[in-house]
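[1] Okay, sequence plus prediction incoming.
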Protein chains: 2
Amino acid sequence: MTNNTPVTLKFLAEKLKMSVSTVSKALNNYPTINEYTKKRVQEMARELHFTPNKSAINLKEKKSRIIGIILPNLLDHFFTRSIYGVEQFATQNGYNVIISQSHDDLEKEIQSANMLLRSRVDGLIVAISKHTQDFAHLDQFENMGIPVVYYTRNPSFNLSCHKVLGNTFQGCYKATQFLINRGHKKIAYLGGPKMINFTHDRFNGYINALKDNGVPFSADLVAYTDFDKENTISAIQNLFDNPQNTPTALVAFKEPILFDAIKYLRSINHPNLDQIECIGFGNTSFISYLDSPPIASVEENPESVGENAIKLLLQLINREIDMENYQKVMVDCKLIVHEA
Amino acid sequence: MTNNTPVTLKFLAEKLKMSVSTVSKALNNYPTINEYTKKRVQEMARELHFTPNKSAINLKEKKSRIIGIILPNLLDHFFTRSIYGVEQFATQNGYNVIISQSHDDLEKEIQSANMLLRSRVDGLIVAISKHTQDFAHLDQFENMGIPVVYYTRNPSFNLSCHKVLGNTFQGCYKATQFLINRGHKKIAYLGGPKMINFTHDRFNGYINALKDNGVPFSADLVAYTDFDKENTISAIQNLFDNPQNTPTALVAFKEPILFDAIKYLRSINHPNLDQIECIGFGNTSFISYLDSPPIASVEENPESVGENAIKLLLQLINREIDMENYQKVMVDCKLIVHEA
DNA sequence: TTGTACGCGTTATCAA
DNA sequence: TTGATAACGCGTACAA
């Protein structure tokens, strides 16, 4: 019953008293093989639980049908949701996916890249770590002819690479306009880390929405934070401490930041907190449990971002798009209004 | 600069005008190889970005140094946190990890298993799907001599397999005792799906804590739900609708369920809601944003569960533990009290 | 100290 | 219709 070592073609061939190549062809349904022979082989293979060795096939075919994904963190639902989009489309097309977390550590990212390179992935999808400045470990792939698609977190200064991004400008524009349409004039923008490009793209969406709707811009209504709670609180203090210019609405870079902000405002019993309307990027499922929930969320459609990334990657792998013909794909955001 | 095809040992050998085996030995630091030769080879390898082909090595070594993980869902932080524990210890020991989601779909789980089998993983860690009754796709591994460790979600009736589990009995006991110590006499237990073993283990912990502390048990204080909101609400109605026996505390199977429960009680303005003290399994980071937060959480230590799973698996792989010598490892839970 | 030869499991070409 | 053989990239026993 339990045969300790994997069954190989050779083993099957010996059992069936025929050649390895006939067995191989029978299993792969070659037209030149006798139907009866096929039947015998396939039955025996099933009976003995034959499982082809992928390493051997990879070696022969010089391709692995594996897609590598490097991303910072699986705790962030944006990324896990994006994986779903990648997986769906990848398996449909006969590809498997290997996920590797960098934990926002450059060293770990390099290790992941090398591991995937050794595994000869056919393509790479990557969201770079916070600290990635040098790209040698990722450029290796392209130098070996393996296409790379950057998604979400990408080298913003570098135009010579393939990118799939959420249209964060559009998302922030929509959020701001929604608040304007609800009658707000003093809409604050709480940005994220200034090194991250999205911070500025979103700011531009905010600014443009104000301009297009004739709402005056005030620098007092803009502040920045990172993902640290203390910094968020002091940013919020800056925004809300001026009594003659208190915001009536807030657009925040990310929902976790927004939650910290709201929590702080509640903790100090900020007047009219209930009238302040907030929107953050994320659309966390948790929102329904909050007592002062955001009025809406910017849904970044991570599944769609992932799907677009794998679609582009497969086109590159199949040489339907030239590797030097650098693509930039933008995925629109959607404003989700939360019911009261 | 960009050489389209991967550099092989053969290519290096030609460049250096020596044999493939010398190159191989030089790169693997064989003592019989001249130091100067080693230097030359290693320099050339670096210069040309030589990356050994893992498929070729796997084939040769008859092992992949890859651990497969099959789990239901990456959206559940329990699993993503457990992966962290696995990864840490795996990479320390020179193993890589391939993660595969079943999405609680048996068909997908079978596909994942077959994929990992073809990849000749050296070991498998698996949390089974809700619908896994038949285990043929997982038994294959053991039949091929590949050890399998079930973690968290496991075939509870089957004692002939290796398991690593959270000690959910102990967790629930602790939670209940904590509430008793705070003076509660009417502590409700809101269990999960009755098919899941953990539901009953936790119930036993609850019951035993009551008994050991001389608190009388009342069947009215026990209800069950699944992860569906509607069912949770009707379970809560059953628990709290009897005015002469209203619980003053609640132990819930999982925090998402608990949040639905609390939300409902708030929505109906349940009297004295603020005095009701709740505990759920999970310890979600989100708790700090809630207005009526649980007083404590049962932290299941998923990282530790993952780490114990990989440790056991590596021992099985290294034949330090016999495959037939079935192990059951329990990882204690910790009660986390939330500051006001 | 280096090189030759073989095999890992599979597929493909060509010959029988 | 089937079989022998070479090749994929690498490691290693053995020969030189």
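    Thanks, I have the structure now.
[2] just checking, residue A:280 is part of a strand?
    Yes - under DSSP: H, G, I helix; E, B strand; the rest coil, residue A:280 falls within a strand.
[3] List the residues that contact it.
    A:251, A:252, A:253, A:254, A:255, A:257, A:258, A:259, A:294, A:297, A:298 (C-beta atoms under 8 Å, 6 or more residues apart in numbering or on different chains). The way it works is simple: take the backbone N, C-alpha and C, and place the C-beta from them, glycine included.
[4] now those residues in JSON lines, with neighbour count, secondary structure and pLDDT?
    What follows is those, written out as JSON lines (neighbours: other C-beta atoms under 10 Å in any protein chain shown; DSSP: H, G, I helix; E, B strand; the rest coil; pLDDT from 0 to 100):
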{"residue": "A:251", "neighbour count": "31", "secondary structure": "strand", "pLDDT": "98"}
{"residue": "A:252", "neighbour count": "30", "secondary structure": "strand", "pLDDT": "97"}
{"residue": "A:253", "neighbour count": "28", "secondary structure": "coil", "pLDDT": "96"}
{"residue": "A:254", "neighbour count": "23", "secondary structure": "coil", "pLDDT": "95"}
{"residue": "A:255", "neighbour count": "22", "secondary structure": "helix", "pLDDT": "96"}
{"residue": "A:257", "neighbour count": "25", "secondary structure": "helix", "pLDDT": "95"}
{"residue": "A:258", "neighbour count": "26", "secondary structure": "helix", "pLDDT": "96"}
{"residue": "A:259", "neighbour count": "26", "secondary structure": "helix", "pLDDT": "96"}
{"residue": "A:294", "neighbour count": "26", "secondary structure": "coil", "pLDDT": "96"}
{"residue": "A:297", "neighbour count": "25", "secondary structure": "strand", "pLDDT": "98"}
{"residue": "A:298", "neighbour count": "31", "secondary structure": "strand", "pLDDT": "98"}
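[5] Chain A: helices as residue ranges?
    A:9-16, A:20-27, A:35-47, A:54-61, A:77-92, A:106-118, A:136-143, A:168-181, A:197-212, A:229-240, A:255-267, A:302-317 (DSSP state H).
[6] Not counting residues beside it along the chain, what's closest to the closest residue to chain B within the stretch 201-340 of chain A?
    Distance from chain B to each residue of the stretch 201-340 of chain A (C-beta to the nearest C-beta) is smallest for residue A:291, at 4.1 Å. Computed as C-beta to C-beta, 6 or more residues apart in numbering or on different chains, the closest residue to residue A:291 that is not its neighbour in sequence is residue B:291, at 4.1 Å.
[7] Residue ranges in chain A under the pLDDT threshold?
    A:1-3, A:340 (pLDDT under 70).
[8] Next, the contact list for residue A:300, please.
    Applying C-beta under 8 Å, 6+ apart, the residues near residue A:300 are A:78, A:166, A:168, A:171, A:281, A:282, A:283, A:331, A:333.
[9] And the residues you listed, which two are furthest apart?
    Distances among the contacts of residue A:300 were taken as C-beta to C-beta; the most separated pair is A:282 and A:331, at 15.0 Å.
[10] quick one: contacts for the closest residue to residue A:87 other than its chain neighbours?
    Leaving aside its sequence neighbours, residue A:87 sits nearest to residue A:97 (C-beta to C-beta, 6+ apart; 5.5 Å). The contact partners of residue A:97, taken as C-beta under 8 Å, 6+ apart, are A:66, A:67, A:68, A:69, A:83, A:86, A:87, A:90, A:91.
[11] Filter these down to the buried ones and hand me the PyMOL line.
    Entered in PyMOL, the line below selects the buried ones among those, by 16 or more other C-beta atoms under 10 Å in any protein chain shown:
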select buried, chain A and resi 66+67+68+69+83+86+87+90
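[12] which among the contacts of residue A:97 gets closest to residue B:73?
    Out of those, the member with the shortest distance to residue B:73 (by C-beta to C-beta) is residue A:83, at 10.9 Å.
[13] Count the neighbours of the residue lying closest to residue A:338 once chain neighbours are set aside for me.
    Closest residue in space to residue A:338, ignoring its immediate chain neighbours: residue A:293 at 5.7 Å, by C-beta to C-beta, 6+ apart. Number of residues near residue A:293 (other C-beta atoms under 10 Å in any protein chain shown) recorded here: 17.
[14] do residue A:183 as well
    So residue A:183, with other C-beta under 10 Å, has 9 neighbours.
[15] List phi and psi for it.
    In terms of degrees, to the nearest 10, the main-chain angles of residue A:183 are phi 100, psi 0.
[16] OK, contacts around the residue of the stretch 101-250 of chain A found nearest DNA strand C?
    Nearest to DNA strand C in the stretch 101-250 of chain A, going by C-beta to the nearest atom of the strand, is residue A:120, at a distance of 13.5 Å. Residues near residue A:120 by C-beta under 8 Å, 6+ apart: A:58, A:63, A:64, A:66, B:6, B:53, B:54, B:55.
[17] Serialize those to a markdown table and add fields for distance to residue A:203.
    Supplementary listing: the contacts of residue A:120 in a markdown table, determined by distance: C-beta to C-beta, whole Å:
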| residue | distance to residue A:203 |
| --- | --- |
| A:58 | 46 |
| A:63 | 43 |
| A:64 | 42 |
| A:66 | 39 |
| B:6 | 43 |
| B:53 | 46 |
| B:54 | 44 |
| B:55 | 47 |
